[in-house]
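Colleague: fold the following for me, if possible:
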Amino acid sequence: MRLYITFPYSMWAILFLTGVLTSCKKETEYAPYPYSSITAFEIPTGANSIQAAVSDNRLTVYWPYYQMIPDSIAPVVSVSERATVEPASGKKIPLKDGVTYIVKAESGATTTYTLKLVINQAEPIFDQVPATIPLYSQFSLTGQNFLADTAKTSLLLVSSTGTQYPIALTALTGNSASGTAIHAQLDTGNYSIKLVTGYRSVTSNAMVHITSPVTNPYFDPFIESGTRVKRGSSLTLKTHNLEGYTITQIRLGTLTTRVPFEQTGEDELTLQIPESYPIGSYNRFRIYYSGSASAGNYYSFLLYPITITE
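Modeller: Alright, predicted model coming up:
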């Protein structure tokens, strides 16, 4: 006896569709993602962050000139979907030109990006005019894009052999700087001027000719660093070219207040700092003199400032 089971038409339809769908599911395959791009490159710097420009396989970091440049950074790197990057996002790298990142797509394709560091600071320039100045005296230059911060800007005199002599700044603005030709090893001759401001520097082509010191009275510029004098006390300084001249008055800095003094040696003057004299640091004296050959006044600069205290 044979047993026959009859399926309704609707059941046959369901079985047919199930087979079709199962067959389609087995045959569908998705191609691996081929994308291997860096979509964002962010450098945390504390409260803020710096976004690198991503273009033509280059990561250009525009670093603000007023912000200290660290030795290393830990960038947050975003890449294409399903891609990986090496070095990994958040890993420390040196902050310098030439560091590379390799992005690998799911398909295995790779793209290499190279880091380029650009200091976002305008190039300094200054007027180059030949000048002649006596040793130990002041000279000035004018220009543009100076950082008006003595911690970030400096002047140097450069000899014909390339030797650099750092010199003291006496005045500084965004478009001018003044310094004194005072250095223990500095001698007469021709020098170029080098200005270093922030992360930029420029050296003049025009020469500064330094001659022998002036023949009128002046204080020896090489005083001890950190000299401090209390108001109401005295200060003795070595002096040059006193012979044949009479010192009529002495002032500190650009003040008009006179400082009492007396000649206490053939080549020295002793100053008596008044009780009410303004406290502060002074890197120059103004000496008024008269003599048989000439009379006048002269700013006598020091290598290090003198500090008047309470």
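Colleague: neighbours of V79, just the number please.
Modeller: If you count neighbours by other C-beta atoms under 10 Å, V79 ends up with 21. No exception for glycine: its C-beta is placed from N, CA and C like everyone else's.
Colleague: and I182, by the same measure?
Modeller: With other C-beta under 10 Å as criterion, I182 counts 21.
Colleague: likewise for the one 4 residues further on?
Modeller: Around L186 there are 17 other residues, counting by other C-beta under 10 Å.
Colleague: quick one: residues contacting it.
Modeller: Residues near L186 by C-beta atoms under 8 Å, 6 or more residues apart in numbering: 135, 157, 165, 167, 210.
Colleague: which residues does S234 bridge with?
Modeller: Q272 (DSSP bridges).
Colleague: wait, it sits on Q272?
Modeller: Yes. S234 is within contact range of Q272, at 5.2 Å (criterion: C-beta atoms under 8 Å).
Colleague: just the element for Y288, please.
Modeller: Element membership for Y288 (DSSP states H and E) is strand 280-291.
Colleague: if we can go back for a sec, mind putting the contacts of L186 in JSON lines, distance to E29, pLDDT and neighbour count included?
Modeller: Compiled in JSON lines, those are given as follows (distance: C-beta to C-beta, whole Å; pLDDT from 0 to 100; neighbours: other C-beta atoms under 10 Å):
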{"residue": "L135", "distance to E29": "85", "pLDDT": "97", "neighbour count": "18"}
{"residue": "L157", "distance to E29": "74", "pLDDT": "97", "neighbour count": "22"}
{"residue": "Y165", "distance to E29": "74", "pLDDT": "97", "neighbour count": "18"}
{"residue": "I167", "distance to E29": "74", "pLDDT": "94", "neighbour count": "22"}
{"residue": "I210", "distance to E29": "81", "pLDDT": "97", "neighbour count": "22"}
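Colleague: just send those residues back as CSV, with secondary structure too.
Modeller: Converted to CSV, the contacts of L186 look like this (DSSP: H, G, I helix; E, B strand; the rest coil):
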residue, secondary structure
L135, coil
L157, strand
Y165, strand
I167, strand
I210, strand
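Colleague: between those residues, which sits nearest E42?
Modeller: I167 (41.9 Å; C-beta to C-beta).
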